[in-house]
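> turn this into a model:
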Amino acid sequence: MNDVGALAGRAVVGGTFVVAFSLIAAVVTPKAFSGLFAAAPSVALASLSITIVSKGVRSAHADAAGMVPGAIGMVGCCILAVVAIPRLRTLRGSAAAWAAWGAVAMGVYWAVFVGAR
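Model prediction:
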């Protein structure tokens with residue numbers, strides 16, 4: 001698959017998943033979770049779909065395994081954001097939450113993929 005074809009495929013598949021997850025987000029309660037359903041899962045599924053078509057299942061498996069630490073980091077980010085933003089205001093609270101995302105994701109990545117060896 002050439003670069004233009006892969007890019008076009010990512011756009012079509014990504015757009016399809018964004019629309020599907022946005023429809024799910026429209027019916028989910030509370031609405032605070034709707035952004036999570038519209039963004040992260042659709043991008044991950046689109047990326048994995050294109051990887052399966054262009055590089056095969058083994059490569060998609062490795063990509064999916066690499067997404068897990070990021071997802072766990074996102075949970076840590078969301079938990080900290082709920083606490084930090086009201087106390088530290090928007091900019092500092094968001095920065096702390098993003099830092100937590102990176103720290104948790106890198107910690108999980110290291111524990112699973114580097115430290116286990």
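
> centre of the chain versus the helix or strand containing Ala65, how much separation?
Take DSSP states H and E as the rule and Ala65 turns out to sit in helix 57-109. Offset of helix 57-109 from its chain centre (CA atoms, centre = their mean, to the nearest Å): 9 Å.

> likewise for stretch 10-17?
15 Å.

> re earlier: and the helix holding Ala65, what does it pack against?
Other helices and strands packing on helix 57-109, by 3 or more CB pairs under 8 Å, 6 or more residues apart in numbering; DSSP states H and E, are helix 40-55. C-betas here are computed from N, CA, C, even on glycine.

> which helices and strands does the helix it packs on pack with?
So helix 40-55, by 3+ CB pairs under 8 Å, 6+ apart, packs with helix 3-27, helix 57-109.

> the first one to helix 40-55, inter-axis angle?
Here helix 3-27 runs at 150 degrees with respect to helix 40-55, directions being taken by axes from the mean of the first three to the mean of the last three CA atoms, to 10 degrees.

> residue ranges with poor pLDDT in this structure?
Residues of the chain meeting the criterion pLDDT under 70: 1-2, 31-40, 116-117.
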